[in-house]
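pasting the sequence and the predicted coordinates here, then a few questions.
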Amino acid sequence: MFDNSSSPWDRRKFLGAVLGTSSAVFGLVAPEKVLAARFIDAVQTSRQPDYTRYVFNVNGPLDYKTFSLDNPPRVVVDLTGTEAQHLEIPSVPAGSVVNGLRVGIQDGTNLRLVFDLKAAVKPRLVLLPPGGGMGYRLVVDLPHDKAVTLVAKETADPESKPKIQTGRTFRELVVAIDPGHGGKDPGAMGHRGTKEKHIVLDIGRRLRDMVAAAPGLRPVMTRDSDRFIHLRGRTAIARNAKADLFISVHSDAFRVTSARGASVFCLSQHGATSEAARWMANRENEADFVGGASISDHDQDVASVLLDLSQTKTLENSLDFAHRVLGQIGDVTDLHSKRVQQAGFVVLKSPDIPSILVESAFISNPEEEARLRTVKYQNEIARSILDGINTYYAARAPEGTHYAML
């Protein structure tokens, strides 16, 4: 993502500023000008569905380090050569993971930010350069999880309790279901002439009906008929529907008919890297990047960092989701691999939507081809995927959804 003419020091110095990584991580000594006095003169905070965000206005690039403390849980951010000027600390948003923010001086010249928390979390930090009429900003995101959500509910302002959502007022989680192939693309073919495109559409429809009947979930099909859709068109459908999950359904094939068992895939790191390059190349057309931030608003290097942060979290969530679905499928059929597989499938490359691909069985295996044709097996695969969705969201319930109240 860097101009090859840039020196190694220039690249490391820039990343150190953007990522908030101290120069010690790179084994380098920062020049004095990097450590020049900085000041923070304003801070804003907001409560998002999945995190509490603090944005600090700073007069230039700075060096900082962060670490966590226990008993009680805290996140500490030390800003090198920085001071606070007339800084007013805003009130903590209701239902936040944060109990409070304290500001003090460390080692005489460094500004220390201490976030007192209700439970331990792993912070995400990024330093944004000037843009959109704004100066430098240090962004600190403190994620929520189900345990924190429960704590937040218990400690919420009593006046807010009557506002707790019930029934259909919850935000529905959108599950994109992608039956592979279709139309002029039949997919794999079984010995009895069974076409993959028909089998996976049947499974997709059964999964759609199960998801539609589940509280708090809403299905979206990339195709609900025998029609051809380009691979990136499938992910575009999911993005336009603001999907929270993406599930592509297939049936495998191999030249050896003895190959058998179901598999679950998510994106490989190499696939993520190549997709990041594509997004960066087309970022002028990507104004609706994850979280409402546009990568076209930023310098190429900062946009690359933002994209990398998003992809890292999405890959983590995709792997978790894939493991849960694989475990459920393993209860109803043989597994081709007991591990989640990773590959560069195009349909798995959305940087902000956890995505998996399910190979329901080997259609090239005569025994499994016969099973794939049965309503019983199609229902078992669909039910296993739904059970995986439920266990995933039981552990990662977004605020304001049905699962957050379970």
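Yep, that arrived. Residues are numbered from 1 along each chain as shown.

burial check on V75, number of neighbours?
V75 sits with 23 neighbouring residues when counted by other Cβ atoms under 10 Å. Any C-beta I mention is one placed from the backbone N, CA and C, and that applies to glycine too.

does S96 touch T52 like I think?
Yes: taking Cβ atoms under 8 Å as the definition, S96 is a contact partner of T52 at 4.3 Å.

for the stretch 101-250 of the chain, which segments count as strands?
Remark: strands assigned in the stretch 101-250 of the chain by DSSP state E, counting those that start in this stretch are 110-117, 124-128, 136-143, 173-179, 217-221, 245-252.

which helices and strands does the fourth one pack with?
Contacts of strand 173-179 with other secondary structure elements, assessed using 3 or more Cβ pairs under 8 Å, 6 or more residues apart in numbering; DSSP states H and E, are made with helix 196-213, strand 217-221, helix 231-240, strand 245-252.

and for the last one?
Using 3+ Cβ pairs under 8 Å, 6+ apart as the contact criterion, the elements in contact with strand 245-252 are strand 173-179, helix 196-213, helix 231-240, strand 355-362, helix 375-395.

format the strands of the stretch 101-250 of the chain as CSV; extra columns: distance to P366.
Shown next, in CSV, are the strands of the stretch 101-250 of the chain (distance: least, Cβ to Cβ, whole Å):
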stretch, distance to P366
strand 110-117, 57
strand 124-128, 50
strand 136-143, 48
strand 173-179, 23
strand 217-221, 30
strand 245-252, 13
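
contact partners for the residue at minimal distance from the centre of the chain?
In the chain, the residue lying closest to the centroid (Cα atoms, centre = their mean) is T314, at 2.9 Å. Listed by Cβ atoms under 8 Å, 6 or more residues apart in numbering, the contact set of T314 reads 350-355.

highest neighbour count among these?
Neighbour max across the contacts of T314 (other Cβ under 10 Å) = S355, 29 neighbours.

so what's that one closest to, chain neighbours aside?
Nearest non-adjacent residue to S355, counting by Cβ to Cβ, 6 or more residues apart in numbering: F246, 4.0 Å away.

for F56, give its distance to V346.
In this structure, F56 and V346 are 39 Å apart, going by Cβ to Cβ, to the nearest Å.

how close does the residue nearest to the centre of the chain get to K65?
T314 is 26 Å from K65, by Cβ to Cβ.

what do you get for P72?
With distances taken as Cβ to Cβ, P72 is found 21 Å from K65.

for these two, indicate the residue with more neighbours.
Between P72 and K65, counting by other Cβ under 10 Å, K65 is the more crowded of the two (17 against 11).

so what does that one have for phi and psi?
Backbone torsions of K65, given as degrees, to the nearest 10, read phi -140, psi 160.

I'd say it and D78 touch.
Yes: taking contacts as Cβ under 8 Å, K65 lies within contact range of D78: 5.4 Å.

can you list the domain ranges for the chain.
Listed by automatic domain parsing, the domain ranges of the chain are 8-161, 167-405.

and the ones you listed, which is most packed in?
Sort these by mean neighbour count, taking mean count of other Cβ atoms under 10 Å, and domain 167-405 sits at the top with a mean of 19.

hey, what's in contact with both of S96 and T52?
With Cβ under 8 Å, 6+ apart, S96 and T52 have common neighbours 142, 144.

where among the domains of the chain is average confidence lowest?
Lowest mean pLDDT within the domains of the chain: domain 8-161, a mean of 73.

contacts only, for D224.
Here D224 is in contact with 201, 204-205, 208 (Cβ under 8 Å, 6+ apart).

now with 10 Å?
Residues near D224 by Cβ atoms under 10 Å, 6 or more residues apart in numbering: 177, 179, 182, 201, 204-205, 208.

do the same with V76
Per Cβ under 10 Å, 6+ apart, neighbours of V76: 65-69, 102, 106, 112-115, 123.

got it, and A259?
By Cβ under 10 Å, 6+ apart, the neighbours of A259 are 252-253, 336, 362, 364-365, 368.

again, but for S248
The contact partners of S248, by Cβ under 10 Å, 6+ apart, come to 176-180, 200, 204, 222, 231, 234-235, 238, 265, 345-348, 355-359.

run through the bridge partners of the closest residue to R208 other than its chain neighbours.
Nearest residue to R208, sequence neighbours excluded (Cβ to Cβ, 6+ apart): P219, at 4.4 Å. Assessed by DSSP bridges, P219 has beta-bridge partners V175.

residues in contact with P219?
Neighbour list for P219: 172, 174-177, 204-205, 207-213, 241, 243, 247 [criterion: Cβ under 10 Å, 6+ apart].

L335 reaches G261, doesn't it?
Yes: counting by Cβ atoms under 10 Å, G261 is a contact partner of L335 at 5.0 Å.

and T333, what is it in contact with?
Residues in contact with T333 (Cβ under 10 Å, 6+ apart) are 260-262, 360-361, 368, 371, 377, 380-381, 384.

if we go to 7 Å?
Each residue near T333 by Cβ atoms under 7 Å, 6 or more residues apart in numbering is listed here: 262, 361.

which SSE is it in?
For T333, there is no enclosing helix or strand under DSSP states H and E.

now it: phi and psi?
phi -160, psi 170.

state the distance from it to D178.
For T333, the distance to D178 - Cβ to Cβ - is 21 Å.

ditto for K313
From K313 across to D178, the span is 21 Å (Cβ to Cβ).

just I203 next, same as before
11 Å.

between these two, what contacts are shared?
With Cβ under 7 Å, 6+ apart, I203 and D178 have common neighbours V249.

name the element the residue nearest to the centre of the chain belongs to?
helix 300-329.

nearest residue to L173 other than its sequence neighbours?
Nearest non-adjacent residue to L173, counting by Cβ to Cβ, 6+ apart: D244, 4.5 Å away.

wait, the one you found sits on R171?
No: counting by Cβ atoms under 7 Å, D244 stays clear of R171, with 9.4 Å between them.

hang on, A42 packs against N57?
Yes: A42 lies in contact with N57 (Cβ under 7 Å); the separation is 4.2 Å.

related to what we said a few turns ago, now the contacts of T314 as TSV including distance to L127?
Formatted as TSV, those follow (distance: Cβ to Cβ, whole Å):
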residue	distance to L127
S350	26
P351	21
D352	21
I353	26
P354	27
S355	29
